[in-house]
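Output the structure for:
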Amino acid sequence: MKRYLYKLIAHYLSLYIRNDDLVVEINPNNDSIIRNFQNGKVFFTNSEKNNLEIFKDILWHNLSIKPDYIILIGNVHYENDVQTFLVKIKEICKPSTRFIFIYYSSLWKPFLQFLTFLNLRRKTAEQNWISHDDIDNLLRLSDYELVKKENKILCPIYIPLLSYILNRFFAPIIFFRFFALLNIAIAKPLNKTRQSQHSVSIVIPARNEAGNIEKLLLKIPKMGNDDEIIFIEGNSTDNTWDTIVEVAGKYKDKYNILIGKQEGKGKGDAVRKGFSMATKDVFMILDADISVPPEDLTKFYEAIITDKGEFINGSRLVYPMDKKAMRFFNIIGNKFFAFGFSFVLGQKFKDTLCGTKVLSKENYLKIVKNRNYFGDFDPFGDFDLLLGASRLGLRIVEVPITYRERTYGDTNIQRWKHGVLLLKMLIFSALKIKFI
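Numbering: from 1, shown residues only. So this is what the prediction gives:
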């Protein structure tokens with residue numbers, strides 16, 4: 001049972017942990033999971049060592065590079081003071097460190113105690129039985145933030161085919177996950193201080209948007225000391241490119257403007273082109289149709305530099321929108337995909353399809369580095385970023401915006417064709433993240 005269980009845990013953790021990540025495991029017993037990962041260090045706890053001695057051991061090893069992940073398997077079951085333990089452990093982490101807590105569901109307590117009685121488990125029994133709500137509360141008290149939580153493993157014993165089906169396809173489903181053996185929670189330390197002033201790179205994909213270019217530029221607010229605005233033209237059939245060139249020359253003394261043409265097709269390709277040209281600390285995407293007021297970018301900026309979130313996503317479905325801004329079936333589709341991706345990613349969304357998204361350059365480069373896990377599957381670019389952010393364990397926060405009606409040109413969205421494509425992407429995402 002133990003060998004199969006730990007193999008499953010290592011498989012789940014491999015979604016988040018990559019080969020070049022420095023991983024520290026603080027383990028209350030001698031059954032380590034970290035040996036499954038290339039760049040890991042293990043520190044064991046036992047009844048003869050108290051927490052202070054443990055942390056002295058860790059600091060003695062002189063982790064000059066702070067860990068990317070700290071794994072705590074079962075620690076919350078054995079610590080006399082979980083809150084103090086969580087506060088102390090922050091001394092060895094950096095702001096981007098992710099904590100992975102693995103602990104048993106209280107529903108399995110009688111069964112696990114029975115296995116202990118039969119000598120099928122080690123004798124040290126769990127003294128704390130912690131729920132997801134308890135974890136959330138303890139993290140808040142210790143200045144952490146819960147990013148996401150999962151329920152895994154319905155069958156901890158290897159039974160050919162049956163355990164595979166139950167653990168991969170049934171355990172994540174809403175009803176069945178209530179009976180799962182393991183809880184997995186991912187958390188980040190809270191950064192209470194406002195980050196220093198950061199300049200932004202605003203990437204604006206533009207296809208057949210000639211009438212919007214100048215109006216859009218003049219509405220963009222100043223955020224950092226040296227912001228840059230990057231227009232990427234995308235195979236337009238009107239004079240969008242000529243307009244971009246003209247506007248860039250006209251306002252070159254007022255704005256730092258970069259321009260480029262995408263080589264491929266689709267908004268995703270245009271965004272990647274723009275980000276490859278971007279040089280500032282914060283990356284933003286803004287659609288050229290002005291349906292999202294450019295003035296609202298300050299809300300996204302404040303959210304990311306004050307650490308309200310690490311990936312800021314716009315939401316058009318909170319405030320009333322202009323009458324013709326979004327058609328009825330588009331609203332239904334948006335709500336459906338928001339529900340679907342909330343389930344898959346383990347974080348709550350109201351609107352995954354809003355084109356305005358903001359993240360740091362550092363986190364974008366991490367997404368790029370590990371993009372091969374999902375592949376080049378997303379022509380829109382939104383889900384390439386959302387899925388990458390989820391795999392990094394980033395805290396995703398939505399900023400409500402007022403959605404405006406387009407005043408120039410026609411939408412580039414093909415409702416039914418793109419709806420089918422989005423459904424395929426949702427299924428693909430579920431198999432790569434949720435049902436693994």
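
Quickly find the element holding residue 3.
Using DSSP states H and E, residue 3 sits in helix 2-13.

average model confidence for that helix?
In this model, helix 2-13 has a mean pLDDT of 88.

same thing with stretch 168-176?
Mean per-residue pLDDT for stretch 168-176: 93.

which residue ranges form the strands in the stretch 1-150 of the chain?
23-27, 40-44, 69-73, 98-104, 144-152 (DSSP state E, counting those that start in this stretch).

So which of those strands is the most surrounded?
strand 69-73 (a mean of 24; mean count of other CB atoms under 10 Å). In short, each C-beta sits where N, CA and C put it, glycine included.

Would you list the strands that that one pairs with, along with their directions?
Taking DSSP bridges as the criterion, strand 69-73 forms sheet pairs with strand 23-27 (parallel), strand 98-104 (parallel).

neighbours of residue 331, just the number please.
Neighbours of residue 331 under the rule other CB atoms under 10 Å: 15.

do the same with residue 175
By other CB under 10 Å, neighbour count at residue 175 equals 7.

Please apply the same query to residue 36.
Residue 36 has 16 neighbours, counted by other CB under 10 Å.

Over to residue 273?
Applying other CB under 10 Å, we find 21 residues neighbouring residue 273.

Any buried residues in the host helix or strand of residue 243, and which?
If you go by DSSP H and E, residue 243 is part of helix 240-250. Residues of helix 240-250 classed as buried: 240, 241, 243, 244, 247, 248 (neighbour count, 16 or more other CB atoms under 10 Å).

which residue packs closest to the first one, ignoring adjacent ones?
Spelled out, it's residue 240. Nearest residue to residue 240, sequence neighbours excluded (CB to CB, 6 or more residues apart in numbering): residue 210, at 4.6 Å.

dump the residue contacts of that neighbour.
Taking CB atoms under 8 Å, 6 or more residues apart in numbering, we find residue 210 in contact with 236, 238, 239, 240, 242, 243, 408, 409.

Make a markdown table from the residues you listed and add pLDDT and distance to residue 35 to it.
Compiled in a markdown table, these are given as follows (pLDDT from 0 to 100; distance: CB to CB, whole Å):
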| residue | pLDDT | distance to residue 35 |
| --- | --- | --- |
| 236 | 92 | 54 |
| 238 | 92 | 59 |
| 239 | 94 | 61 |
| 240 | 95 | 55 |
| 242 | 96 | 60 |
| 243 | 97 | 59 |
| 408 | 70 | 59 |
| 409 | 63 | 57 |
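
Make CSV from these and add distance to residue 161 to it.
As requested, the contacts of residue 210 are arranged in CSV below (distance: CB to CB, whole Å):
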residue, distance to residue 161
236, 53
238, 57
239, 61
240, 55
242, 62
243, 60
408, 57
409, 54
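
Let me know the pLDDT of the residue nearest to residue 10 when sequence neighbours are not counted.
Once flanking residues are discounted, residue 10 sits nearest to residue 36: 3.8 Å by CB to CB, 6+ apart. Looking at residue 36, its pLDDT is 71.

thought residue 36 was touching residue 12?
No: the criterion here is CB atoms under 8 Å, and residue 36 misses it with residue 12 at 10.9 Å.

Doesn't residue 340 lie inside a helix?
Yes: assessed with DSSP: H, G, I helix; E, B strand; the rest coil, residue 340 lies in a helix.

Now do the same contact list for it.
By CB under 8 Å, 6+ apart, the residues touching residue 340 are 426, 430.

redo that, cut-off 7 Å
Residues near residue 340 by CB atoms under 7 Å, 6 or more residues apart in numbering: residue 426.

what about it, distance to residue 386?
Relative to residue 386, residue 340 is positioned 12 Å away (CB to CB, to the nearest Å).

cool, and residue 164?
Using CB to CB, one gets 28 Å for the distance from residue 164 to residue 386.

Between these two, tell me which one has more neighbours.
Ranked by neighbour count (other CB under 10 Å), residue 164 and residue 386 place residue 386 first, with 24 against 12.

quick one: the more buried one and residue 352 touch, right?
Yes: proximity of residue 386 to residue 352 meets the contact threshold set by CB atoms under 7 Å, at 6.4 Å.
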